[in-house]
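[1] Turn this into a structure:
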Amino acid sequence: MKIKLKILTICAATLCPLTSFAATYPVTVTDVAGRTITFDHQPQNIALSTSRIFPLLEIIYQQDAAKHLVAARDDMQFSAPSMYANYVKHYPSLQHVPKIGLIKSGEFDAERFINLKPKPDLFIVDLSNIKLAQDNGLLKKLAAAGIKVIAVDFRENPIKNTVKSIETVAKAVGREAQGQAFAHYYLNHVTALEQTLAQHSTLPPKRVFIERAAGYSDSCCRTFAGGNMGAYVPFLKAINIADKPLKGAITGQMSPETVITARPDVYIMQTTGWINDKGQPTHGIPLGYNPNSAAIKTATKALMDRDWLQAVSAYQTKNVYSIYMPFYNSPYNLVAMEYFAKWIHPNVFKDLHPQQTFDEMNKQFGHRIVSGDFGQNNFKAMQ
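    Now for the predicted structure:
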């Protein structure tokens, strides 16, 4: 990992602290959906189609991130409660941000959105909703109201689209230096992973299974093949056992019997401490910010005690892990990628420290210090 450290030293010396250069408008950008958007003035009031991508604004605006957020869906509060509590502690105004509905479900009220005070002049929409917004006429309606829309993607093709998403938004809002700094850091880490794997090209490929939303319901086993965290597996020169059963689908269901038969070497649970609409915790493992070790131990044991899981080869070799699920839709997905690398290739990446990467990213780009548990070996967590 010497290459990575050298590059990061250069990055720190040349890009930190950051200086924003005044952008000259009009500015034209092309987003991850291939759409060209021209801004005749610097956007100030921003809305998010999912609040879990709030780190995007923090990377771009640092301590002023919340000042620019004028509307967002309330999914962070329920799907990433420890993340929500952590951000609210740092940005109390997030509790009062006007809520918007989910585009995909038809809950989004365009007229109410257009008439918000202050009115959004930029709406950042996740890629999974952008085609729907175009097909149902929402993009045309927002354009007529003077609201620009940029598509971003941290979940469908995270390795390809994360950097472009950050750079596109940063350029659009006149904070190009912040976007470039993030790009340097992210790409340096990804390159370091690639170069290290290239030095160990003769290693036999590991077989990996990802359990989607472990503990969210009593059923198993939802999973990912391509896209989402499933994208990390081939990148790390491993085999996703869901590829053949899902027959080209990005996500789908596998039976416990199929998982057992496929004999994964590594089993990774995507999970977190979800809460329902009454504020009650579900059966997920409450990884995240400000963790409760006793609650994590209890929840981990409940998932590990499923009878069929004990017949899985990765369980028998004690290679069952859990990753903080909100990383799947976050510019900090790099941290999850590094955890995967460490779990799939423990000897190759023994000097890799994903938690340190998360600490660095928050400090360097968000200008704040965070702590928590975001990845674990489930057997060690039960001790």
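[2] Every contact and neighbour count from this point should use C-alpha atoms.
    Noted.
[3] Wait, residue 343 touches residue 238, no?
    No. Using Cα atoms under 8 Å, residue 343 makes no contact with residue 238, being 11.2 Å away.
[4] more crowded one of those two?
    A count of neighbours by other Cα atoms under 10 Å puts residue 343 above the other of residue 343 and residue 238, at 23 against 20.
[5] Against residue 352, how distant is that one?
    10 Å (Cα to Cα, to the nearest Å).
[6] again, but for residue 244
    Counting by Cα to Cα - residue 244 and residue 352 are separated by 31 Å.
[7] Neighbour count: these two, which is higher?
    With neighbours defined as other Cα under 10 Å, residue 244 and residue 352 compare such that residue 352 has more, 16 against 10.
[8] Surely the more buried one touches residue 342?
    Yes. Using Cα under 8 Å, residue 352 is in contact with residue 342, at 6.8 Å.
[9] tell me the contacts of the closest residue to residue 335 other than its chain neighbours?
    Leaving aside its sequence neighbours, residue 335 sits nearest to residue 354 (Cα to Cα, 6 or more residues apart in numbering; 5.3 Å). Contacts were defined as Cα atoms under 8 Å, 6 or more residues apart in numbering; by that measure residue 354 touches 335, 336, 338, 339.
[10] Please repeat the previous calculation with a cut-off of 6 Å.
    By Cα atoms under 6 Å, 6 or more residues apart in numbering, residue 354 lies in contact with 335, 338, 339.
[11] Same check on residue 184?
    For residue 184, the contact set (Cα under 6 Å, 6+ apart) is empty.
[12] Please apply the same query to residue 330.
    With contacts defined as Cα under 6 Å, 6+ apart, the neighbours of residue 330 are 53, 154.
[13] if we go to 7 Å?
    Shown in contact with residue 330 (Cα atoms under 7 Å, 6 or more residues apart in numbering): 52, 53, 154.
[14] How many residues are close by the second one?
    Counted with other Cα under 10 Å, the neighbours of residue 53 add up to 24.
[15] Please apply the same query to the last one.
    A count of neighbours around residue 154, defined by other Cα under 10 Å, yields 27.
[16] what about the helices in the stretch 151-300 of the chain?
    Secondary structure of the stretch 151-300 of the chain, counting by DSSP state H, counting those that start in this stretch: helices at 158-172, 176-198, 232-235, 243-246, 256-262, 293-304.
[17] and the second one, what's its mean pLDDT?
    The one in question is helix 176-198. Summarised as a single mean, pLDDT over helix 176-198 is 98.
[18] for stretch 317-332, same thing?
    97.
[19] and what of stretch 42-53?
    Rounded mean pLDDT across stretch 42-53 is 97.
[20] in stretch 26-36, what's buried?
    By neighbour count on 16 or more other Cα atoms under 10 Å, the buried set for stretch 26-36 is 27, 29, 30, 31, 32, 33.
[21] Also stretch 74-87?
    74-87.
[22] still on that earlier bit, next step: the buried residues of stretch 26-36 restricted to strands.
    Using DSSP state E, the members of these that fall within strands are 27, 29, 30.
[23] what would those look like in CSV with pLDDT?
    Converted to CSV, those look like this (pLDDT from 0 to 100):
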residue, pLDDT
27, 97
29, 98
30, 98
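[24] so which of those comes closest to residue 38?
    Lowest distance from residue 38 to these (Cα to Cα) belongs to residue 27, with 5.6 Å.
[25] Contacts only, for the residue nearest to that closest one when sequence neighbours are not counted.
    Spatial nearest neighbour of residue 27, excluding adjacent residues (Cα to Cα, 6+ apart): residue 39 at 5.2 Å. Contact partners of residue 39, counting by Cα under 7 Å, 6+ apart, are 25, 26, 27, 28, 172.
[26] Can you pull the phi/psi pair for residue 39?
    Per-residue torsions, residue 39: phi -110, psi 120 (degrees, to the nearest 10).
[27] mind checking how far it is from residue 137?
    To residue 137, residue 39 is 21 Å away according to Cα to Cα.
[28] cool, residue 51 as well?
    As judged by Cα to Cα, residue 51 and residue 137 stand 23 Å apart.
[29] Ok, residue 150 next?
    The value you get for residue 150 to residue 137, if Cα to Cα is used, is 15 Å.
[30] How about residue 237?
    The value you get for residue 237 to residue 137, if Cα to Cα is used, is 41 Å.
[31] same check, this time on residue 236
    Here the criterion is Cα to Cα. By it, residue 236 lies 40 Å from residue 137.
[32] quick one, which of the two is more surrounded?
    Neighbours per residue (other Cα under 10 Å) separate residue 236 from residue 137, with residue 236 holding more: 20 against 11.
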